[in-house]
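J.: Fold the stuff below for me.
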Amino acid sequence: MSNIYEAPTANLSDEPGADSGAAKFYVVSPLKFALLYTFTFGFYQLYWFYKNWSRYKAHTQESLWPVPRAIFTIFFAHSLFRNVNDTIEAEGRDHSWDPGALATWYVMAQIANRILDRLPDSADKLVVPLELVIMLPVVGTILYFAQRAINVACGDPAGASNSRLTWANYLWLIAGFVILVLILLGIYAESHGANP
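T.: Got it, this is the predicted structure:
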């Protein structure tokens, strides 16, 4: 029986329907992850790291700041992947991966991206294809494997609880597609000597 004099309670979490039993990390289906990462040209990883750290903070009540950890990922990828692995082991789940090596590959790829960004403007014809064709898929593949481990850690290996694309996801996909078309048109125009 409820007390009519009791103050009402509300769920003040950052996601609708989330509760104290919410997953410890950010669960997303591998296909949805791949689409959002690819069509946002890797910017999705900022949101991805933020969501993982904010879920971890809410679940463990640790005093940490998710935003800086999402921005400065090279300093925190190892600890995130280690926390995921610790959860997999604590839950008695089976997943074959090497979180330390995967995090190291991620850090090295991010450092390589920063070096490419610092090359002089005269190297743009080399840098853009390297970033789009090589580095974007490398980082995406690393995070894809991490996402699979996260899903296992949370007891949802297929990421079924977050497999549907939302209207916000579609907006990001459309924006990314438009940017991709503009990039390709720019490359085509430059290669055919068209003046801007």
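
J.: From here on, just use CA atoms for contacts and neighbour counts.
T.: Fine.

J.: And the next helix or strand past the one helix or strand in the chain whose mean pLDDT sits lowest?
T.: Lowest by mean pLDDT, DSSP states H and E among the helices and strands of the chain is helix 124-129, with a mean of 58. Downstream of helix 124-129, the next assigned helix or strand under DSSP states H and E is helix 136-153.

J.: what's in contact with that next one?
T.: 25-30, 33-34, 37-38, 41-42, 81, 84-85, 87-88, 91, 93-95, 97, 99, 102, 105-106, 109-110, 157-159 (C-alpha atoms under 8 Å, 6 or more residues apart in numbering).

J.: list the buried ones in whatever helix or strand comes next after that helix?
T.: Counting by DSSP H and E, the next helix or strand C-terminal to helix 136-153 is helix 167-191. Residues 172, 173, 176, 177 are the ones in helix 167-191 that count as buried (16 or more other C-alpha atoms under 10 Å).

J.: any idea how far the closest residue to the second one other than its chain neighbours lies from residue 147?
T.: Spatial nearest neighbour of residue 173, chain neighbours left out: residue 39 (5.5 Å); criterion: C-alpha to C-alpha, 6 or more residues apart in numbering. For residue 39, the distance to residue 147 equals 17 Å [C-alpha to C-alpha, to the nearest Å].

J.: Which of the two has more residues huddled nearby?
T.: More neighbours surround residue 147 than the other of residue 39 and residue 147, with 26 against 19 (other C-alpha atoms under 10 Å).
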